[in-house]
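model this:
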Amino acid sequence: MADQLNMNGLNLDGEGAQAASQARSYIPPHMRGRQSANPPVNEAPPPAAGLNNSSWAGNNQALGAGRQGGGNWNGGEGGYQNNRRGGGGGWGGRGGYSGGGSGGGGGNFEGHGGGNHTARGSGDGQWRDGKHVPGPANPRVERELFGTADDPSKQHTGINFEKYDDIPVEASGRDVPEPVHQFTTPPLDEHLCRNIEMARYKVPTPVQKYSIPIVMGGRDLMACAQTGSGKTGGFLFPILSQAFIHGPSAVPANAAGQFGRQRKAYPTSLILAPTRELVSQIYDESRKFAYRSWVRPCVVYGGADIGSQLRQIERGCDLLVATPGRLVDLIERGRISLCNIKYLVLDEADRMLDMGFEPQIRRIVEGEDMPNVTERQTLMFSATFPRDIQMLARDFLKDYVFLSVGRVGSTSENITQKVEFVEDIDKRSVLLDILHTHAGGLTLIFVETKRMADSLSDFLINQSFPATSIHGDRTQRERERALEFFRNGRCPILVATAVAARGLDIPNVTHVINYDLPTDVDDYVHRIGRTGRAGNTGIATAFFNRGNRGIVRELIDLLKEANQEIPPFLEAIARESSFGGGGRGGRSRPGGGGRGNANRDFRKFGGGGFGGSGGGGGGFSNPQQGGGFSNYSGGSQGGSGYGGGGGGGYGGGYGNGGGSYGNPGGAGAQSSWW
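The predicted structure follows:
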């Protein structure tokens, strides 16, 4: 009877039971539907199952859309999301998780070492057999990055820099290298020179002429340079050139085993900047000059979705551009390690300190796993160097070269500066007159408050002027959209607060209007530097009234220095203010010092300290003696201001009576703060 008991093919005899057992063995869901392979006969044993071989999912049916050829977890060419040719990469290498690498070989989870642990990099190119192998050309990406020669939205900041040869440059320090005058190989890497040529840069700017050999020579750098002077290229060119020549660093041994969402990035270069817009601009420039290389730039900043930034980092990160706050957040999440940092750049360091970032900066540099000052190169760029910046330099830099580049657009005469006396109640009507007169080009209008930015933008729209605004309360998406509309000319008038527009490199700005003047003349210089860039000409108009008399003396000095017309009302208001003013040495900015000292190497010049308010030399009739009507601290020896007096009131001077921290030390006394 047993031979008749056949329930759906399940026989009760031993042979049938064994066959049924084989036929109905459990198949995991992810393996179902696959063709079973015949067992190998007299062949080598198959590789052990695991993430880093092709047995788990290594063929072209693996999770991604790759072609053939085993690779790491996600198979040959395709990896997780469409790579290009060649054997697979690792988790995050450009042949792996979400990259686009070409060629054979694999990398591990940072793209930094596959097989024999040779560092490889995360970009489109590769580092192979000790050489940099550029990736394939991509016409679409080239158009995106470099534009075309006739593209009006791509004003290339290398054009017409021949006009900048008259800008004064001062370099001080031990064994300062000679400047370079062309983008050539050597000292720069050949691949970088090709990208520079594609960007249509002709000759180095003054800051680039000096910074390239300084950084290529392994020295730290402290540079006083304004926005628009080409300082971004001044640090990107040597950093990328060294990276292309020497290759990537291997990931630390303890990083093995990290994968997926627990992966940590190990960048070799870190660039810190104060605002979202500025880090985005630096990132865009780094993408240009890292094109087709092994270097993969990334950018992180607050106010944007952190998830998308984390996914970007997971694909590999060799050069990181970041705002301090967001970087601290990612370090706390365990997603970024700084132990591989070779280059640290602090861009617009004075503005970062003004915005209260010093605790975060010190934590990043001194409180995490970043190599110490002797094991990395540090580059610091700032428009001014008040006391707190000098303190950072003392702590962060070693045996540095100090580079001071004259103000772009003032010592040269590319910017026509106009100062008009306008009472607050009349500003809107005067603005309309100016906009009607100066039609064409892009106009950037600076105001002091966020509320005024929105109010003035709405007013201009109601008056049929296409305008938009940016300020700190607008979302990142709104800011980016406003900037895009401004750049492409859909809204050729942009109303901005100073902080939001700090560091913006917007091409084709022909007119800057200071609707509200700042309280600091250095901020005025930053603002007008948005026009007249790259050797081109521009107009800067300022609305001045008695509410701005605090900067009248410095404004007159600035106009004289730039050979600009000085309106009679400015000199009249300056005379009115003489009895209560502090001269150029009477700056009230905390630790700020006068402009005469703001770009000097304090290791070289004695006397004067940091020129706080009332430091000697503010006198009405004889500032050289430190006395007069406005010298709060008195005394022919320069008195006891915050950093000493003397020296004609230029923020503390260099000669008579320059005592340190208010200690009058007699004629010529040394008063540098360290």
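
would you mind finding the longest helix in the chain?
Assignment by DSSP state H gives helix 231-246 as the longest helix of the chain.

quick one: average confidence on it?
The average pLDDT for helix 231-246 rounds to 93.

for that helix, buried residues please.
Judged by neighbour count using 16 or more other CB atoms under 10 Å, the buried positions of helix 231-246 are 231-245. Every C-beta, even on glycine, is put in place using the N, C-alpha and C of the backbone.

same question, stretch 424-431
Judged by neighbour count using 16+ other CB under 10 Å, the buried positions of stretch 424-431 are 427-428, 430-431.

please flag which of the residues you listed sit within strands.
Using DSSP state E, no member of the buried residues of stretch 424-431 sits in strands.

in those residues, find the pair that's most separated.
Spatial extent of the buried residues of stretch 424-431 (CB to CB) is set by the pair Arg428 and Val430 at 7.4 Å.

re earlier: and the next helix or strand after the longest helix of the chain, which strands flank it?
Scanning forward in sequence from helix 231-246 by DSSP states H and E, the next helix or strand is strand 269-272. Strand pairing for strand 269-272, determined by DSSP bridges: strand 319-322 (parallel), strand 343-346 (parallel).

deepest of those, which one?
Of the strands paired with strand 269-272, the one with the most neighbours on average (mean count of other CB atoms under 10 Å) is strand 319-322, at a mean of 27.

keeping just the C-alphas, turn that strand into CSV.
Taking Å, rounded to 0.1, in the frame of the first residue of the first chain, the C-alpha atoms of strand 319-322 are listed here in CSV:
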residue,chain,number,x,y,z
LEU,A,319,39.5,67.5,-0.2
LEU,A,320,36.8,68.8,2.2
VAL,A,321,35.5,72.3,2.1
ALA,A,322,33.4,73.1,5.2
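
can you list contacts of the host helix or strand of Leu145?
According to DSSP H and E, Leu145 maps onto helix 139-146. Residues outside helix 139-146 that contact it (CB atoms under 8 Å, 6 or more residues apart in numbering) are 154, 198-200, 284, 287-288, 291.

go with 6 Å
With contact meaning CB atoms under 6 Å, 6 or more residues apart in numbering, helix 139-146 is reached by 198-199, 288.

what's the following helix or strand after it?
Next element after helix 139-146 (DSSP H and E): strand 169-172.

pLDDT below threshold where in the stretch 551-674 of the chain?
577-674 (pLDDT under 70).

how about the buried residues of stretch 424-431 in TSV, adding pLDDT and distance to Pro139?
Shown next, in TSV, are the buried residues of stretch 424-431 (pLDDT from 0 to 100; distance: CB to CB, whole Å):
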residue	pLDDT	distance to Pro139
Lys427	94	48
Arg428	94	48
Val430	94	48
Leu431	95	44
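
just those: which are in helices?
427-428, 430-431.

list the contacts of Gly325.
Gly325 touches 302, 360, counting by CB under 6 Å, 6+ apart.

in JSON lines, list the strands paired with strand 269-272 along with distance to Asp220 and mean pLDDT.
Below are the strands paired with strand 269-272 laid out as JSON lines (distance: least, CB to CB, whole Å; pLDDT from 0 to 100):
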{"stretch": "strand 319-322", "distance to Asp220": "18", "mean pLDDT": "97"}
{"stretch": "strand 343-346", "distance to Asp220": "9", "mean pLDDT": "96"}
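
with that, I have no additional questions.
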